[in-house]
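Peer 1: Model the following, please.
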Amino acid sequence: MAILAVLLAVMIPTVNVLSVSVFALGGKNISWRGVGGNLLKNPLIIACALGLFLNLSGFGLPTLLVSVADLLAAMALPLGVLCVGAGLQLRRLKVTSTALILSCLLKLLLMPLAMLGLVWWFTEDTVVAITLIIFSALPTAPSAYILSRQLGGDSEVMAGIISIQTVMACLSLPVILMICAEILLK
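Peer 2: You can find the predicted model right below:
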């Protein structure tokens with residue numbers, strides 16, 4: 001759990017900064033000021049910065065706020081999945097089938113295999129290796145849909161990508177885990 005916590009603490013802000021920057025730079029009026037404004041207004045980046053500040057300062061949250069935050073955190077994933085489901089347009093899946101197939105292959109097959117190669121090369125700790133491979137084999141998070149809607153991306157395609165990847169991950173994760181067991185546990 002500690003390894004995963006450190007991984008998430010690094011990856012979530014990094015991926016969000018990169019995603020917001022790509023969306024901001026992909027527009028017609030490209031400016032660094034616009035990118036900075038989008039970064040400063042992004043709720044995920046604000047939450048990460050606030051959490052980092054509270055952690056490093058030693059203040060923490062009052063007990064009452066921790067209870068409320070725990071309840072909100074428990075609702076975040078189901079609400080994100082509901083938003084993705086509401087945004088899913090099945091007729092768009094036919095039109096964007098190339099993007100869907102490519103995203104599934106890259107995210108669910110090539111990323112875990114690339115990570116397998118990296119951990120084989122860089123670490124001898126099997127627990128760290130398997131944690132990193134599983135993390136890389138997970139489908140795209142529902143927050144990607146919310147981010148694409150917020151920043152003017154193609155949220156219908158993103159809803160399709162998330163939905164298809166989630167279903168396909170039910171098939172790909174066991175295969176990736178069997179490959180890990182075969183290679184790393186020998």
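
Peer 1: where along the chain do the helices fall?
Peer 2: Taking DSSP state H as the criterion, the chain carries its helices at 2-25, 32-41, 43-57, 63-87, 90-95, 97-105, 111-122, 126-137, 143-150, 155-184.

Peer 1: With respect to burial, which of those scores highest?
Peer 2: Most buried of those, by mean neighbour count (mean count of other Cβ atoms under 10 Å): helix 143-150, with a mean of 20. Bear in mind the C-beta positions are built from the backbone N, C-alpha and C, glycine included.

Peer 1: for that helix, packing partners?
Peer 2: Counting contacts by 3 or more Cβ pairs under 8 Å, 6 or more residues apart in numbering; DSSP states H and E, helix 143-150 packs against helix 2-25, helix 63-87, helix 155-184.

Peer 1: again, 7 Å this time
Peer 2: The contact analysis (3 or more Cβ pairs under 7 Å, 6 or more residues apart in numbering; DSSP states H and E) places helix 143-150 against helix 63-87, helix 155-184.

Peer 1: and those helices, which one is worst for confidence?
Peer 2: Ranked by mean pLDDT, the helices and strands packed on helix 143-150 bottom out at helix 63-87, which scores a mean of 79.
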